[in-house]
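K.L.:
Have a look at this prediction, sequence included:
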Amino acid sequence: MRSFPTKTLNVVPGGVVMPISPTEGYPPEHWPEVETILKTVATESGFDPNLVSNANDVGIIQKRIIENLYFNDIVICDVSSKNPNVMFELGIRLAFDKPTIIIKDDQTDYSFDTAPIEHLTYPKDLNYSKILKFQIALKGKLLGTSERFRKDPNASTFLTDNFKLRTSKQKKFPSINLSSMKQRTSIRSCCHTPLPSAATI
C-alpha cells in the first residue's frame, strides 16, 4: 500500500489551569468534561494544550507548574469555584505578564483583583448550545490574543504600560564617588578621635 506523507501542523504549547479535584456543588464528571472542552478548542486553534501540572518526566510538581506557567505560549485559566490553587497559579502567570485567557462559569462571581481583566463565561450546567457559543468565543480569543502578542512583544494581559517588570539588564545601580567617601571617612575620624587614657594625663 502506498503511503502518503502526513502534514505537520505548527502547534505551540498551551497551558490549562483549572480545578481538577472534586468540588462541592459540582458533579464528579464536571471538571473532566470542562477539560475536554477546553483542550478541544485549544487544539483546533493550533495549540498543544496540557494541564500545567502535567509533564513527561518525574519531578517536583511545584517546579513543573512554575516552569509550565512561564514557558507556555498561552494559558487558559478557569477560575470557576475560585479554587485556591487555581487563583495562586493565575497570580503567578499574571506576574509573568504573558498571554492569559481567564474563563469562569456563570455562577462564579468576579474576584476583586482580576475583575478588570476580561473573563469569558460559560454555563455551569454545560448546556450544549451555550457551550457551542462559548467554544466559538474562546477560539476567537485564543487566536486574537496570540496574534496580538506576536505582533507586539510589549503587549500586556494585566500589567499596564506604567508598570513593567525589570530585567537584570535594566537595573541601574547608583555610582559610587570614592573621593566623597574618603572625605566623609576623614571627617568621621576627626570627630571620633579617642580620648587620652588616664595613664597619659
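P.N.:
Arrived safely, thanks for sending. Numbering: from 1, shown residues only.

K.L.:
Every contact and neighbour count from this point should use C-alpha atoms.
P.N.:
Will do.

K.L.:
Quick check: next helix or strand after the host helix or strand of Val86?
P.N.:
With the criterion set as DSSP states H and E, the secondary-structure element containing Val86 is helix 84-96. Past helix 84-96, further along toward the C-terminus, the next helix or strand under DSSP H and E is strand 100-105.

K.L.:
Pairing partners for the helix or strand following that next one, with directions?
P.N.:
Towards the C-terminus, the helix or strand next in line after strand 100-105, according to DSSP H and E, is strand 119-122. Applying DSSP bridges to the sheet, strand 119-122 is found paired with strand 100-105 (parallel).

K.L.:
What average pLDDT does the strand it pairs with get?
P.N.:
Model confidence over strand 100-105, given as mean pLDDT, is 97.

K.L.:
Then stretch 27-41?
P.N.:
Stretch 27-41 shows an average pLDDT of 97 in the prediction.

K.L.:
Over to stretch 139-156?
P.N.:
Taken as a whole, stretch 139-156 has an average pLDDT of 91.

K.L.:
Which other helices and strands does the helix holding Val86 contact?
P.N.:
Contacting helix 84-96 under the criterion 3 or more CA pairs under 8 Å, 6 or more residues apart in numbering; DSSP states H and E are the following elements: strand 12-17, helix 61-71, strand 74-78.

K.L.:
Show me which residues of that helix are buried.
P.N.:
Buried residues in helix 84-96, defined by neighbour count with 16 or more other CA atoms under 10 Å: 86-87, 89-90, 93-94, 96.

K.L.:
how much does it deviate in direction from strand 74-78?
P.N.:
With axes from the mean of the first three to the mean of the last three CA atoms, to 10 degrees defining the directions, helix 84-96 sits at 150 degrees from strand 74-78.

K.L.:
Just the residues contacting helix 84-96, thanks.
P.N.:
Applying CA atoms under 8 Å, 6 or more residues apart in numbering, the set of residues contacting helix 84-96 from outside is 17-19, 66, 69-70, 77-79, 100, 157-159.
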